[in-house]
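Colleague: Give me coordinates for this.
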Amino acid sequence: MKHFLDIHKTDAKALRGMIDAARAMKEARNGRPKGMPDDEQPLAGRMVALIFEKPSTRTRVSFDVGIRQMGGQTMVLSGREMQLGHGETIADTARVLSRYVDLIMIRTYEEQTLLEMAEYATVPVINGLTNRTHPCQIMADVMTFEEHRGPIQGRKAVWCGDGNNVCASWLHAAGQFGFDFTFSGPQTLDPEAEFLGFARKKGARIAVERDPAKAVAGADLVIADTWVSMHDSESSKERRHNQLRPYQVNDELMAHAKPDALFMHCLPAHRNDEVTSAVMDGPHSVVFDEAENRLHAQKAVVRWCLGL
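Modeller: Numbers count the residues shown, from 1 in each chain. This next block holds a predicted model:
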């Protein structure tokens with residue numbers, strides 16, 4: 001059983017194989033209409049359950065389209081329809097779904113929901129996002145960096161803002177792919193010590209720098225993410241804005257990075273909060289390549305989970 005639960009729980013060689021497979025599948029689709037299926041149909045006759053306890057646009061569309069391109073079918077289930085853990089247990093839900101489908105992708109809030117689903121499912125489970133990590137996004141991001149700048153090993157990536165779930169998966173990737181990573185944000189929003197420790201134990205050079213200009217000096221990549229969640233209260237949003245305003249990615253900050261540094265954001269972005277429109281639409285930005293590469297990277301993850 002091959003689950004894809006987190007980058008740090010997946011063998012580094014397997015991760016590299018998925019990135020290479022994603023690029024090969026993307027190249028094979030060059031010039032092909034978006035609605036046309038792939039020449040290879042490895043998922044023909046397969047059914048995939050896409051569970052969204054937490055709403056999504058990019059994750060839903062990219063998984064749905066990718067599975068259809070590979071010849072499979074999808075069943076999309078919302079949190080309201082499933083009521084995970086309310087009434088029927090997550091364990092029983094996992095057992096039942098495993099009798100119907102070949103693979104489960106779940107986007108949820110609590111990491112424990114994902115772990116329990118994987119423990120009791122008899123088909124592979126993919127982490128589409130939890131409150132702690134977002135591994136599929138970072139697989140797409142690594143792919144995107146390497147498309148533009150070659151191997152990410154030994155490069156310097158800098159995170160500006162909140163040490164959230166996306167930041168956590170970047171730290172896991174630093175350990176597994178061998179690049180340097182600097183976190184720049186307020187101390188109250190630092191990444192979990194466990195995530196920092198994993199990357200350091202793997203030999204990655206990990207730094208925490210409160211001054212964003214110093215942090216991005218010599219950076220090959222600058223990354224930001226939204227400062228607020230749709231579920232934050234208004235008072236919480238205001239507090240977070242006050243803490244994070246010094247870490248906005250703008251032209252002045254990007255000037256401290258390498259001249260050819262890339263800018264990434266997993267989207268959706270709140271323009272002129274965490275990043276200015278000038279950077280989002282400027283020459284450093286690869287945010288829409290990132291968005292597209294979710295499709296290709298996740299196709300590779302699905303195939304790896306199913307051994308195809």
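Colleague: Quick one: the strands in the stretch 201-308 of the chain, in order.
Modeller: Per DSSP state E, counting those that start in this stretch, the stretch 201-308 of the chain carries strands over the ranges 206-208, 221-224, 262-265.
Colleague: Using a markdown table, lay out those strands together with mean neighbour count and mean pLDDT.
Modeller: (C-beta placed from N, C-alpha, C; glycine too.) Output for those, formatted as a markdown table (neighbours: other C-beta atoms under 10 Å; pLDDT from 0 to 100):
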| stretch | mean neighbour count | mean pLDDT |
| --- | --- | --- |
| strand 206-208 | 17 | 98 |
| strand 221-224 | 27 | 98 |
| strand 262-265 | 26 | 98 |
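Colleague: Would you mind putting the ones you listed into TSV with distance to Phe52 alongside?
Modeller: TSV is the format used below for the strands of the stretch 201-308 of the chain (distance: least, C-beta to C-beta, whole Å):
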stretch	distance to Phe52
strand 206-208	32
strand 221-224	25
strand 262-265	22
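Colleague: Figure out the length between the terminal residues of stretch 54-63.
Modeller: Using C-alpha to C-alpha, to the nearest Å, the end-to-end distance of stretch 54-63 comes out at 15 Å.
Colleague: Stretch 274-289: which residues count as buried?
Modeller: By neighbour count on 16 or more other C-beta atoms under 10 Å, the buried set for stretch 274-289 is 274-276, 279-280, 284-287, 289.
Colleague: how about it as CSV, C-alpha atoms only?
Modeller: Written as CSV, here are the backbone C-alpha positions of stretch 274-289 (Å, rounded to 0.1, in the frame of the first residue of the first chain):
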residue,chain,number,x,y,z
GLU,A,274,1.1,39.4,1.1
VAL,A,275,2.3,40.3,-2.4
THR,A,276,1.9,43.3,-4.7
SER,A,277,0.4,43.0,-8.1
ALA,A,278,3.6,44.4,-9.5
VAL,A,279,5.4,41.2,-8.3
MET,A,280,2.5,38.8,-9.1
ASP,A,281,2.4,40.0,-12.7
GLY,A,282,6.1,40.8,-13.0
PRO,A,283,9.1,39.0,-14.5
HIS,A,284,10.0,37.0,-11.4
SER,A,285,6.5,35.5,-11.0
VAL,A,286,5.8,31.9,-12.0
VAL,A,287,2.5,31.6,-10.1
PHE,A,288,0.4,30.4,-13.0
ASP,A,289,3.0,27.8,-14.0
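Colleague: what distance separates that stretch from the centre of its chain?
Modeller: Counting by C-alpha atoms, centre = their mean, to the nearest Å, stretch 274-289 is centred 18 Å from the centre of its parent chain.
Colleague: Likewise for stretch 57-67?
Modeller: Here stretch 57-67 shows a centroid-to-chain-centroid distance of 13 Å under the convention C-alpha atoms, centre = their mean.
Colleague: again, but for stretch 265-281
Modeller: For stretch 265-281 - counting by C-alpha atoms, centre = their mean - the centre lies 17 Å from the chain centre.
Colleague: In helices, which of the buried residues of stretch 274-289 appear?
Modeller: Secondary structure from DSSP state H places 279-280, 287, 289 of these in helices.
Colleague: Between these, which sits nearest Phe179?
Modeller: Comparing these against Phe179 with C-beta to C-beta picks out Asp289 as the nearest, at 18.3 Å.
Colleague: Quick one: end-to-end length of stretch 272-280, please.
Modeller: Span of stretch 272-280 from end to end, C-alpha to C-alpha: 9 Å.
Colleague: actually stretch 211-225, not the one I wrote
Modeller: Stretch 211-225 has an end-to-end distance of 18 Å (C-alpha to C-alpha).
Colleague: which of the ones in helices among the buried residues of stretch 274-289 lies closest to Asp20?
Modeller: Closest to Asp20 out of these is Asp289 (17.3 Å), distances taken as C-beta to C-beta.
Colleague: Please report the distance of that closest one from Phe263.
Modeller: Remark: distance between Asp289 and Phe263 (C-beta to C-beta, to the nearest Å) = 11 Å.
Colleague: what about stretch 193-203, average pLDDT?
Modeller: Rounded to a whole number, the mean pLDDT of stretch 193-203 is 98.
Colleague: what sits up against it?
Modeller: The contact list for stretch 193-203 (C-beta atoms under 8 Å, 6 or more residues apart in numbering) reads 8, 167-168, 171-172, 174-176, 178, 181, 183, 206, 208.
Colleague: Good, wrapping up.
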